[in-house]
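My questions are about this predicted structure, shown below with the sequence.
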Amino acid sequence: MSYKVNIARQSLNALFDLKGSPAAILTWVEGALPALPERPNSRTRRDALDLYHIGRDHWIVRAPLGLEGRLETQLRPTDCPADISIVRVSDTLTFFRVTGLQAADVMAIACPLDLHDTAFDADAVTYSELFGLKALVMRCEGGFEFAVEQSFGDMITDYLTRATA
Amino acid sequence: MQKYSVFSLARNALSGHKNWPRAWQSPPLKDRYEVVVIGAGGHGLATAYYLSKEFGITDVAVLERGWLGGGNIARNTVTIRSNYMRDESIPFYVKSVAMYEGLTDELNFNMMHSKRTMVDVVQTWPKLRELRRRQLTMDIYGSTYEHITTEELRRRIPALTGGGPDARLPVICGMVHTDAGVNRHDAVAWGYARAADAMGVEIHQQTPVQSLIRGNDGAIEGVETNRGTVRARKVVVAVSGHTTTLTETAGLKLPLRTMNLTAFVSEPVKPLVDVIVNCPDSGFYFSQSDKGEMVIGGAPDMGQSFRRDIKQHVFEDTVTAMLSLFPSFKKLKLMRQWGGHLDIAHDASPIMDQTEVPGLFVTAGWWGGYKAIPAGGLTLAHLVAKGEPHPLMAPFTLGRFRHLDFVMEAGTTTAR
Amino acid sequence: MMLLTCPFCGKRNESEFIYGGPVGADRPDPNAVSDAEWVEYLTVTPNPLGPVREKWWHARGCGGWFAIWRDTRTHDIVEVPDGTK
Amino acid sequence: MAQSNRRASGGRIDRNQPLQFTFNGKSYEGFKGDTLASALLANGVRVTARSFKYHRPRGIMGHGPEEPATLVELDGEDASGNRPATTVPLRDGLSARSVNCWPSPEFDLGGINQLFERFLPAGFYYKTFKWPNWHLFEPSIRKAAGLAAAPAKPPARGHFEARNAHADVLIAGAGPAGLQAALEAARAGMRVFLADEGAEAGGSLLHRNLTIGGRPAMDWVADAVAELRGMENVIHLQNATVWAYREHNLLIVNQRDPEQDSILERSWRVRAGEVVIATGATERALVFGGNDRPGVMLASSVQAYVNRWGVTPGQRVVLFTNNNSAYAVAADLAVAGVTVEAILDSRNTVPKAALDLVSGITVRSGTVVSDVRGHKRVRAVKAVPANGGAGTWITCDLLACSGGWNPTVHLWSQSRSTLRFDEELAAFCPDQAVQSCRAVGAAAGVLTLDRIVDGGEDLTYRIEPLWRVDVPGQRGKAFLDVQNDVAVSDVHLALREGYDNAEHVKRYTTGGMGIDQGKTGNINIIGTVALQKGVPLQEVGTTTFRSPYTPVSFGAIGGLREETVLFPYRHTPVTQWNKDNGAVMYEAGARWRRPGYFPKPGEDLQEAVNRECRAVREGVGVYDGSPLGTFELKGRDVPQFLDFIYSNIMSSLKPGDGRYGLMLSEDGLILDDGVAFRLDEHRWMISTSTGHADAVNQQMEKLLQTEFPNWQVMITTVTSQWNNATICGPMAREVMHALGTDIDLSPEAFPFMSFRDGTVAGFPARVVRVSFTGELSYEVNVAPRHMAELWGKVMEAGAPFGILPVGSESSHVLRVEKGFLSLGHEVDGTVDAYDLGMGWAMSKKKPDYLGKRSVALRRSGGGTRRELVGILPEDPNRPIPEGAPLTPGGRKEATDGLVTACVWSVVNNRWVGLALLQNGHARQGETAHVRVKDDVIPVTVTKPVFHDPEGKLLRS
């Protein structure tokens, strides 16, 4: 292996896509979620719940898969009012972690975004491009985590294997 | 016009090449001509040449803002072919290819026309179906296109070692277009210029046209240049990329926008590939010049631009596609790259017509227009001289937009 | 590879975006315009040698559509030109 | 004798590490730190190349990327061609050959061309080789051209890499000015990216014996490099060439010695806040008769060989210059014990400071070299007064020339920043910056060290331009472009014939178009043109500087992206099952890999497809429909939005129901077809064709965000939240029962074009009754996490009914039999819904929807149109290639139709097809003619449906 990194494809997460005005979202979810992140492309966290602000009036809730049912009950996607949209999207993304001493080098091959800590802090989370695909990129303990549309997962594994050969 | 031949070369060698005449003159600019052609690129020069040669109109000035032959003819990848899909297009390009083949003799200038065949490397079934459609329609017009197996394909192009069964897009088969060729682009410009000049056409370089002039009746009256007003009742705009810049000065709107196409060459190497290789599924094509360079073209950058540049990601798309089929090119080196701009019509097919401004003609919307220079010049000259479209160009007039009857040669949706 | 400023995400590589074409005329009421006007709306786009207003889609980013002014001669992203609303 | 020209000591080489190498088959020895060029010179190899056109013998002229004469081909592991010998680092076992000569540069058969030089002026090929035609001559011309052989194979091991980087400041060049800039920026805390093309930092200081603050300048370099190495905010690369300067301050760097063994070269795409161009300057050649002979070198290169590599390229040297810089060279040569026969300076007055450096050496001012004696090596040069007069021959074995210095403005110019001709420096210099960049040091025209680094000591630069030597009686060819064999006479010929623009001259003579891109000669060409035309150089101008600055391997540009990852690919959870079960997989739109068909051993495509189709028509089949684009839409305005983007009415749908519809572009062309379902009052789900999912998504978002920002519609892509197994065929209901479901499957409770949520085989599922085959179908949608398992259970439950997996080939047959639309086949950018017999999908009620006006306008033009019909070959066993044209009477004339599809129909036991035929709707029952080259196939025109025309089965 040419780089000192560990690469691991993650198992499924519970994911819900939230759209609508912050006020309408807050009214509906009440206390079920962490506070809405204020900065674009940042995240907030409460207990096991992550909330990513990844577009205008657009959030993603992430939690361990075991909480999917509970979140479904709390968020009630099918019942929410017309001015917000909540859709379970747990299966749409597959997550990878690249960690280790040279994680940043491998990410620099994959992603054009400036991931230097002065430009991309611990709470940053954003959609960007990774090996030519749309990908959700963030930091994790010891490196970086990213997600791509699930059907591309095998291709990303292929690419990462080549990158570190 | 001094005849060029091995004998004239030998004769001149003995006098130290001191007696070669100018290839074209540099006469004073008059204030009136019968026809003004704006743009001394391929289409402008060819139009001027055929106006004089075929229609006897020699009171023609070609006005060029830069240097003769400095338009897209200076920047293209010299692929000459007629493998189009539709009845509107095929006969036009068949004619153009035939004219190119006779151009060296006609102009007494060696175009180094190399009828070396184009081979398509087919990698998807939908593409094969499209090429089959072309093949059987082209046959009607006498243009050849034949299917070959992958084995035959690899025999004809030994450097094609990628695209095996495990590749992302395995090679399925090939299609062979024997009519295709390449030649020397500068020679085409210079040959037309020299021959037109010999018949009395004036070529004025460093003479940018700033605006078009319309008379009280709305018809074209002439052009304003940096060297003063030049009057003419017929003005041809042949300024690829800048068409709308000029026609807007006459209050005319055209369905064109300007974008960049890029090309690059490798270092020169000994002969390796003796056909034009086209890989439509991967998005690149190349041929090896007589000097040994691989001359490579790829996809356009869809944004509007007059910058004549290379976007790195567009460039990398082309390079990676090429290396996947030709992995030995990894150690080949890029030597020079450049961009050209062209205007593309709403339906991505060319426009040749007299506009709604009487006396104002345009030839525009060319991408891949190099191959069309002889037929484009001839048919536009026909229109300018006779006032009615040549049958071969009739499908490409502006009238098609009136009822949105697009000539959809490039694809199934419009370029917008 | 230009560097485009998305209103939500900030400066990003051009490859994250999909080009959406120049901003043309507003869509007319198709039942209230002549054939010629409809054809012009459909087929004629601004093509200036200079600043052009154009749409971009941050397809590999936040998903937002936005418009910028860009100089077609240089690729410079420019301020709204004088005399343009 | 081994290394006969190696000095006893000195140079930045490691004499303890001798390296063996071969050149043109002969073995030599050099040292670590050598380039191939320095090692060859050390071994006294004089003739190292033959020229491109005339095959004149050539030697080494330069010491870096400017080298115009000696190109080599490397063998073995690092096989590559056309490498300047001056840029090839020596390594043990290196094997190199001269390009373009046979059998060797010493004795080259191509040298016979020299006899015909006068018949081969610029552009001779435009005037000859016309009769009988070019094809007679082309093969031999091609063989003669081309320099090195093309690489035969990709590298045997390792891979290339491309990566991204970001910097506050990128500095190109680690000479004194670049290092100084890097130190300043790094100390200020900026993120610095410093890249230099050489093996070592230092630039010209590597070979100039200068001092900074009284210490050797290289000590200052070592300190600077050490300080930068200790800073985390600095990336400093050597052997890394900045070769392209793109828009918005993106620069591309080629690094040739990455630290990882497995990475051959690395390409860096660096986005920089600011760019500092510290690329130094390149020495110009001088132009006189015989200026290409082996032993004519650039003065600075001679200095570099003596000082940096400890090599004396000659023993008796004449220097020829028009500027001060050569005087330091002479001084260094004298120190090295080389005899300097004379300094010939074209200037009438030589500055005293220069003369002071060379006391004891003969300086002849106002003197030029007009000719060189010697064929394979310089034996003497003719010194003549610059203003004419009798000359004298000076015996020597080396002529070191300095024509002055060109700031290396390639990157500057690539950035589109402007140049101006500086009369005092006699060179083109950076003028106005148009991106955030600045030039420093020699690249900015600052040619003396004292103005670059505090404490630097250097001789002030002074020059009087000499573009070419122009004295009577010159005999030899005077070369402007040594690589392409372009002489002054060629440029004069071009001008005489009217090719008088700088671009014309370049193209007509090929001057500056070689691999070196004219680094030492271009400005002399411009000067020669200017002299001849009597205009200033600024007016002639330069030709465009294009990337790359020096050639760069395509592999590095491509990076990792190759083979399987050339384009993205997508898998469904069933992909592995498909592969395990013998499916033939291929690209099927939107990057999905899909099964084409599932052949049994010994079966061909047609047999497999017939078997699969029969299963669907007579029993049951199943296909993986997961790639269909799927979107959930939410909001009050979804109904009016769908009514706008579909041509038919969707707003009237009740929850639980769905409808097939067409989406048009504003041009009135068909963009997609698909199905919309109403999930509840404000939630909808639409599906699109696989290949157009992205285009539909783009169109919807564009409309909502740019045209109708006030409409409340929120779209979520759920293509990968729902996978589906579509069970189709008369036995589909039985298979569903066998799987087990809580959904009432009776046609009354669950009719065609509706959906039900429930469980199937124990999984939460959304079952949709749509049909793309014309049979009873259940599209069982589950979460992808359950898909593989569901698939297994379907195959298990279906086994008693003979269920078969169905690939896309069979899907194609089944839809053709039904006359269902396939965008890739029937929609070719000319037809509209009416032509396809789908006028029912074009709402008359809605006043406006996308494409309505355009369709109406297009149809108002009158005339007949191409319309979708069925065709039956009169010979039922005669297949027709898809794409074949129909022509009137089958004659060889303009087409009046197109076969869009033709398949073997298992239900009809014959070939059936679909076609777009001029006025086709009115021609049913007639005979039309397909033309396949000279073969005419009569076909009967029918309605475009060959199975269950009433649609009873799919509703059953």
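Received, thanks. Residues are numbered from 1 along each chain as shown, chains lettered A, B, ... in the order given.

And the pLDDT at residue 30?
You didn't pick a chain, so chain A it is. Model confidence at residue A:30, given as pLDDT, is 81.

um, chain D though
97.

what does residue D:517 give?
88.

Can you tell me which residues in the stretch 751-900 of chain D are near chain A?
D:783, D:784, D:785 (C-beta under 8 Å from any C-beta of the partner chain). All C-beta atoms are positioned from the backbone trio N, CA, C, and that covers glycine.

Looking at those residues, which is nearest residue D:7?
residue D:784 (72.1 Å; C-beta to C-beta).

Helix or strand for the residue in the stretch 1-150 of chain B that chain D sits nearest to, just tell me which one.
Nearest residue of the stretch 1-150 of chain B to chain D: residue B:133, at 3.0 Å (C-beta to the nearest C-beta). Per DSSP states H and E, residue B:133 falls inside helix B:125-140.

and what of residue B:121?
Counting by DSSP H and E, residue B:121 is found in strand B:118-122.

confidence score at the residue nearest to residue B:34 when sequence neighbours are not counted?
Once flanking residues are discounted, residue B:34 sits nearest to residue B:59: 3.9 Å by C-beta to C-beta, 6 or more residues apart in numbering or on different chains. We note a pLDDT of 98 for residue B:59 in this prediction.

What residues does the stretch 701-850 of chain D have near chain B?
Taking C-beta under 8 Å from any C-beta as the criterion, the contact residues of the stretch 701-850 of chain D with chain B come out as D:823, D:824, D:825, D:827, D:828, D:829, D:830.

if you set the cut-off to 10 Å instead, what comes out?
Taking C-beta under 10 Å from any C-beta of the partner chain as the measure of proximity, the stretch 701-850 of chain D contacts chain B at D:808, D:809, D:823, D:824, D:825, D:827, D:828, D:829, D:830.

Check which helices and strands the helix or strand of chain A with the lowest mean pLDDT sits against.
Sorting the helices and strands of chain A by mean pLDDT, DSSP states H and E puts helix A:22-29 at the bottom, at a mean of 95. Under the contact criterion of 3 or more C-beta pairs under 10 Å, 6 or more residues apart in numbering or on different chains; DSSP states H and E, helix A:22-29 touches strand A:13-19, strand A:58-64, helix A:68-75, strand A:85-88.

just the angle between the second one and strand A:13-19, please?
Between strand A:58-64 and strand A:13-19, the angle formed by their directions is 160 degrees, by axes from the mean of the first three to the mean of the last three C-alpha atoms, to 10 degrees.

What strands flank strand A:58-64, and is each parallel or antiparallel?
strand A:13-19 (antiparallel), strand A:49-55 (antiparallel) (DSSP bridges).

can you put these in CSV and add mean pLDDT and distance to residue D:920?
Converted to CSV, the strands paired with strand A:58-64 look like this (pLDDT from 0 to 100; distance: least, C-beta to C-beta, whole Å):
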stretch, mean pLDDT, distance to residue D:920
strand A:13-19, 98, 46
strand A:49-55, 98, 47
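
Tell me how far residue D:22 lies from residue D:46.
Distance of residue D:22 to residue D:46, computed by C-beta to C-beta, to the nearest Å: 17 Å.

Those two - which one has more neighbours?
residue D:46 (24 against 14; other C-beta atoms under 10 Å in any protein chain shown).

Could you check the pLDDT of that one?
pLDDT, residue D:46: 93.

A strand includes it, no?
No: counting by DSSP: H, G, I helix; E, B strand; the rest coil, residue D:46 is not part of a strand but coil.

Wait, it touches residue D:313, no?
Yes: counting by C-beta atoms under 10 Å, residue D:313 is a contact partner of residue D:46 at 9.1 Å.

Need the overlap of contacts for these two.
Both residue D:46 and residue D:313 are contacted by D:40, D:59, D:60, D:295, D:397, D:398, under the criterion C-beta atoms under 10 Å, 6 or more residues apart in numbering or on different chains.

Can you redo the residues of the stretch 751-900 of chain D next to chain A as a markdown table, where the extra columns are secondary structure, pLDDT and neighbour count?
Formatted as a markdown table, these follow (DSSP: H, G, I helix; E, B strand; the rest coil; pLDDT from 0 to 100; neighbours: other C-beta atoms under 10 Å in any protein chain shown):
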| residue | secondary structure | pLDDT | neighbour count |
| --- | --- | --- | --- |
| D:783 | coil | 98 | 21 |
| D:784 | helix | 98 | 22 |
| D:785 | helix | 98 | 16 |
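
Among those, which one lies nearest to residue D:12?
residue D:784 (61.3 Å).

Show the contacting residues for the closest one.
A:12, A:90-92, A:94, A:150-151, D:572-574, D:626, D:720-723, D:790.

rewinding a little: with residue D:872 as the reference, name the closest of the strands paired with strand A:58-64.
strand A:13-19 (50.0 Å).

Only alpha carbons, please: show that closest one as CSV.
Provided in CSV are the C-alpha atoms of strand A:13-19 (Å, rounded to 0.1, in the frame of the first residue of the first chain):
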residue,chain,number,x,y,z
ASN,A,13,-27.2,4.5,8.7
ALA,A,14,-30.6,5.8,9.4
LEU,A,15,-31.0,8.9,7.1
PHE,A,16,-33.9,11.3,6.7
ASP,A,17,-34.0,14.1,4.1
LEU,A,18,-35.7,17.2,5.4
LYS,A,19,-36.8,20.2,3.3
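
now that strand, how far from the centre of its chain.
Here the centre of strand A:13-19 is set off from its chain's centre by 10 Å, with C-alpha atoms, centre = their mean, to the nearest Å.

Next, the angle helix A:68-75 makes with it.
20 degrees.

Return the residues of chain C in contact with chain B.
C:1-2, C:13-15, C:17-22, C:24, C:35-36, C:38-40, C:42-50, C:52, C:54, C:56, C:70-76.

Filter these down to the ones in strands?
Taking DSSP state E as the definition of strands, the residues of chain C next to chain B contribute C:13, C:18, C:19, C:20, C:21, C:22, C:52, C:54, C:56, C:70, C:71.

What about chain A: which of those touch it?
Among these, chain A is touched by residue C:13 when using C-beta under 10 Å from any C-beta.

Produce a PyMOL select command limited to the buried residues of the ones in strands among the residues of chain C next to chain B.
Buried members of those can be picked out in PyMOL with the line below, counting by 16 or more other C-beta atoms under 10 Å in any protein chain shown:
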select buried, chain C and resi 13+18+20+21+22+52+54+56+70+71
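
With respect to residue D:454, which of the ones in strands among the residues of chain C next to chain B is nearest?
Using C-beta to C-beta, these come closest to residue D:454 at residue C:13, 39.4 Å.

And the nearest residue to that closest one once chain neighbours are set aside, which helix or strand is it part of?
Leaving aside its chain neighbours, residue C:13 sits nearest to residue A:112 (4.4 Å; criterion: C-beta to C-beta, 6+ apart). Residue A:112 is located outside every helix and strand, with elements delineated by DSSP H and E.

Can you mark which positions in the least confident helix or strand of chain A are buried?
A:24, A:25, A:28, A:29.

Let me see the contact set for residue D:78.
B:331, D:88, D:89, D:91, D:93, D:94, D:95, D:96, D:155, D:264 are the contacts of residue D:78 under C-beta under 10 Å, 6+ apart.

Got the domain ranges for chain A?
Following the assignment in automatic domain parsing, chain A carries domains at A:6-10+A:92-164, A:13-88.

From start to finish, how long is the longest one in a straight line?
Distances were taken as C-alpha to C-alpha, to the nearest Å; on that basis the terminal residues of domain A:6-10+A:92-164 are 10 Å apart.
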